[in-house]
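Student: Curious how this folds, go ahead:
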Amino acid sequence: MLQIGDQFDRFQILGHLAQGGMSDIYRAYDVVSKSEVSLKIPDQSMIGDPGQYERFQRELEVTNTLRHPAILKGLGSGNYNRMPFLATEFVEGKSLRRIIEEEAPMPQERALGLFRKIAEGIAYCHENGVVHRDLKPENILVRPDGQPVIIDFGLALTKSSHRVTYANLSATAGTPDYMAPEQVEGQRGDQRTDIYSLGIILYEMLSGHTPFDGDNNLAVMAQQLRTSAPRLDKAAQGVSPALAAVVARALRKKPEERYDDVVAFMNALGSPESANLGILEEADGASRWASIFQSTVFRAVAISLGFIIVFVGLAVFLQLIRK
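Tutor: All right, here's what the predicted structure looks like:
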């Protein structure tokens, strides 16, 4: 890990900002442009991995091509002492994760106002053929003026991207709490995949927690596949059934049952009175069955029945042998 004061190519390290699963991000000073930047450098264990190179290329392509207030601006990339790096604008502000930790459950006006700006950025990405595929509060920074900036496009699906395998990573792409069911199944996804993740983020902003939790990632991923999200109006005070229904549609398991695009999602948020409340009844029914199947009593009964079936089967088998 680089230390404060180290020189890396034309950059002087000012501090360490974050460490992810595959890279370190530093605050640095570009002595050529005489400006502060963010410098992303891969973990040494990832050097030489074609997937890591592809990830950097995707980030570079997206951040250098797209120009929107809600999209991180790329400044360039290169190699220094055989170490690849990616330089982007430095964003002063907090992560959405920190804001949620400090403020959630957030007042609706505050949450929806911030969420719309995030959604506008994703809508712009989709219009330009980019699907983020790893949306989560950690990948959204918020400037002091309230403008969100979406970062980390390493897993993005672009017009020119192809399927790659990342060393030390599972076949699925994304973060379990925010992954759409099709991602859990290993599919590439499309813009409706981002809509699902946006729905999870809005749910968390309004309620203070994600709709699914578990002892480990596999437990959460299983719920993403099979369990309907608990009704938002029952998970957060002050949320109307109509608004809960709008969010519930974004969280449908089948992509074709979600909004066709982010603009349709935003329009629904603007007029929740038009939402189909029947979605909430389906969620209630699914939640009741899920509670029954996951209950201790049900499991005990199921185990007992299993033993009885085995015992009866064994008794029949022994009688047949004696004959």
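Student: and Ala245, that one's in a helix?
Tutor: Yes: under DSSP: H, G, I helix; E, B strand; the rest coil, Ala245 falls within a helix.
Student: In contact with it, which residues?
Tutor: For Ala245, the contact set (Cβ atoms under 8 Å, 6 or more residues apart in numbering) comprises Pro272, Ala275, Asn276, Leu277, Ile279, Leu280. To be clear about C-beta, it is placed using only N, CA and C from the backbone, and glycine gets the same treatment.
Student: of those residues, buried ones?
Tutor: With neighbours counted using 16 or more other Cβ atoms under 10 Å, the contacts of Ala245 contain these buried positions: Pro272, Ala275, Ile279, Leu280.
Student: In helices, which of those residues fall?
Tutor: Those of those mapping onto helices are Ile279, Leu280, per DSSP state H.
Student: for the buried ones among the contacts of Ala245, which one is nearest Pro181?
Tutor: Distance to Pro181, by Cβ to Cβ, is smallest for Ile279 among the buried ones among the contacts of Ala245, at 16.1 Å.
Student: Per-residue pLDDT of that closest one, please?
Tutor: If you check Ile279, the pLDDT there is 90.
Student: contacting residues for the residue lying closest to it once chain neighbours are set aside?
Tutor: Excluding the flanking residues, the one nearest Ile279 by Cβ to Cβ, 6 or more residues apart in numbering is Ala248, at 4.6 Å. By Cβ under 8 Å, 6+ apart, the residues touching Ala248 are Ala229, Arg231, Leu232, Ile279, Leu280, Ala283.
Student: From Arg98, how far off is Pro181?
Tutor: 28 Å (Cβ to Cβ, to the nearest Å).
Student: neighbour-wise, which of the two wins?
Tutor: Pro181 (20 against 14; other Cβ atoms under 10 Å).
Student: Now His87: which helix or strand?
Tutor: Small correction: residue 87 is Ala, not His. According to DSSP states H and E, Ala87 maps onto strand 83-89.
Student: which secondary structure elements does that strand contact?
Tutor: With contacts taken as 3 or more Cβ pairs under 8 Å, 6 or more residues apart in numbering; DSSP states H and E, strand 83-89 sits against strand 35-42, helix 50-65, strand 74-80.
Student: rewinding a little: which one of the contacts of Ala248 sits closest to Gln57?
Tutor: Once Cβ to Cβ is applied, the member of the contacts of Ala248 that ends up nearest Gln57 is Ala229, at 34.9 Å.
Student: nearest residue to that closest one other than its sequence neighbours?
Tutor: Pro211 (3.7 Å).
Student: Neighbours of the one you found, how many?
Tutor: Pro211: 23 neighbours (other Cβ under 10 Å).
Student: next one: the one 4 residues further on
Tutor: In terms of burial, Asp215 registers 7 neighbours under the definition other Cβ under 10 Å.
Student: ok, now Gly146?
Tutor: 11.
Student: and what of Tyr53?
Tutor: Other residues close to Tyr53 by other Cβ under 10 Å number 15.
Student: What distance do you get for Met106 to Val239?
Tutor: Distance of Met106 to Val239, given as Cβ to Cβ: 11 Å.
Student: what does Tyr203 give?
Tutor: With Cβ to Cβ as the criterion, Tyr203 and Val239 are 10 Å apart.
Student: what sits in contact with each of those two?
Tutor: Leu232.
Student: So between the two, which is more surrounded?
Tutor: Taking other Cβ under 10 Å, Tyr203 and Val239 do not tie; Tyr203 has more neighbours (25 against 21).
Student: wouldn't the more buried one be in contact with Arg231 here?
Tutor: No: with contact defined as Cβ atoms under 8 Å, Tyr203 does not reach Arg231; the gap is 10.2 Å.
Student: so Val246 makes contact with Asn276?
Tutor: No: using Cβ under 8 Å, Val246 makes no contact with Asn276, being 9.3 Å away.
Student: Looks like Gln108 contacts Ser240 (just checking).
Tutor: No: the pair Gln108 / Ser240 is not scored as a contact, 9.1 Å apart, by Cβ under 8 Å.
Student: Tell me where the stretch 201-323 of the chain has helices.
Tutor: Assigned by DSSP state H, counting those that start in this stretch, the helices in the stretch 201-323 of the chain fall at 217-226, 232-235, 241-250, 262-270, 278-294, 296-322.
Student: quick one: which of these has the weakest pLDDT on average?
Tutor: helix 278-294 - the lowest mean pLDDT of the helices of the stretch 201-323 of the chain, at a mean of 62.
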